[in-house]
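Engineer: no FASTA, just this:
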């Protein structure tokens, strides 16, 4: 059946997906950075303990990525996403009642698991609802939830601290958890795992994307590893910048905490265009060249942060990082759909997410050691710049997707 007149239900899927990523990634992961100062004081945490709590979230993410193919096979996409939101909501509510470091480490693991189920599940659903010519734009629209969440967190955390004093961090975790649970109900009500569930066809030209035969015969393991290597570099360098840039603005550039916080909030606003802008670009020039362009922008952002050439270079770095912050996941999700097809997208995306999770876990740890030995974060940003430049070249040299020769994707 062709799409019905009026608003295609795929746009309801995208709108719901914005809320899903808002709750799982922004509230489940990025809120930790903003809540951490109050939590550190309230629980008397050391710097090593603060890092280990964050690592617990990444460990949960890796566990869920490993389990994702089996879970989505048993539960289907909508229930998998709802389960992820339940884990995030329950974990964040639990964080508000933590009495010390041991309980915080344990309670924060399910938030990481829920983030993986929600993020990968949502990107899998997008592959089913949009064919190749629209997939990058749709994936990019969904990632707007990340940026909206960062802006939201940055706006409300100071208010919680002002109104609730030393317990502001507890109220923040509680409210964020309840919001995630509300989004769970929203997702359960409005998400549909496939357009066939409501008698519709996917958006886009029929015939775009990987042929069914290529999807059924199995994965090109070498290609999967190449995507994994690119995603590992992104996970490591992206998390290094996201973890340390505020600290380096204060320690290396001499900015006040308030000014550094303002700059970081600006990143959240700029990131609203990152996914949809570069996603739409990749619909036109192809995924491999789209990824290459993004990594060049990232490389410039990290280079400008590393050379410590004053405020102009720093602001340039922040702007470049902001406008491309969530572009790689959006284009990567669309690329997986193009290269591995709707049938294989869930498994392929979960497998390369293992590389992404490993990069997130190892990158900040290694960068912290380097910064400690060098006395600044400059060398870590310059190393990140070199690595992302390698990723840009590697992405551009990826083979074209195995399409049937029809539609926009056939020209890539």
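Structural biologist: Thanks, I have the structure now. Note that this is a predicted model, so its numbers are computed, not measured.
Engineer: and the strand or helix carrying residue 224, what's buried?
Structural biologist: Taking DSSP states H and E as the definition, one finds residue 224 inside helix 221-251. Counting neighbours by 16 or more other CB atoms under 10 Å, one finds that the buried residues in helix 221-251 are 223-224, 226-246, 248-249. (Each C-beta comes from the backbone N, C-alpha and C, glycine too.)
Engineer: give me the phi and psi angles of residue 130.
Structural biologist: Backbone torsions for residue 130, taken as degrees, to the nearest 10, come to phi -130, psi 130.
Engineer: picking that back up, who does the helix holding residue 224 touch, helix- and strand-wise?
Structural biologist: If you count contacts as 3 or more CB pairs under 8 Å, 6 or more residues apart in numbering; DSSP states H and E, helix 221-251 packs onto helix 31-43, helix 257-270, helix 287-306, helix 311-324, helix 327-374, helix 378-396.
Engineer: which stretch among those helices comes nearest residue 13?
Structural biologist: Nearest to residue 13, of all those, is helix 327-374, at 13.6 Å by CB to CB.
Engineer: helices or strands up against the closest one?
Structural biologist: helix 47-95, helix 101-129, helix 132-142, helix 212-217, helix 221-251, helix 274-285, helix 287-306, helix 378-396.
Engineer: poorly predicted segments of the chain, please.
Structural biologist: Along the chain, the model assigns pLDDT under 70 to residues 1-6, 47, 206-219, 257-258, 403-412.
Engineer: recalculate using a threshold of 50.
Structural biologist: 1-4, 210-217, 404-412 (pLDDT under 50).
Engineer: kindly report the domain assignment for it.
Structural biologist: Domain ranges of the chain: 1-194, 209-398, per automatic domain parsing.
Engineer: my guess is residue 294 contacts residue 328. True?
Structural biologist: Yes - when contacts are counted by CB atoms under 8 Å, residue 294 is listed as touching residue 328 (5.6 Å).
Engineer: quick one on the thing from earlier: and of the helices and strands packed on helix 221-251, who's closest to residue 62?
Structural biologist: Among the helices and strands packed on helix 221-251, helix 327-374 comes nearest to residue 62, with 4.4 Å by CB to CB.
Engineer: between the closest one and helix 287-306, how big is the angle?
Structural biologist: 30 degrees (axes from the mean of the first three to the mean of the last three CA atoms, to 10 degrees).
Engineer: centre of the chain versus helix 327-374, how much separation?
Structural biologist: Centroid displacement of helix 327-374 relative to its chain, using CA atoms, centre = their mean, to the nearest Å, is 9 Å.
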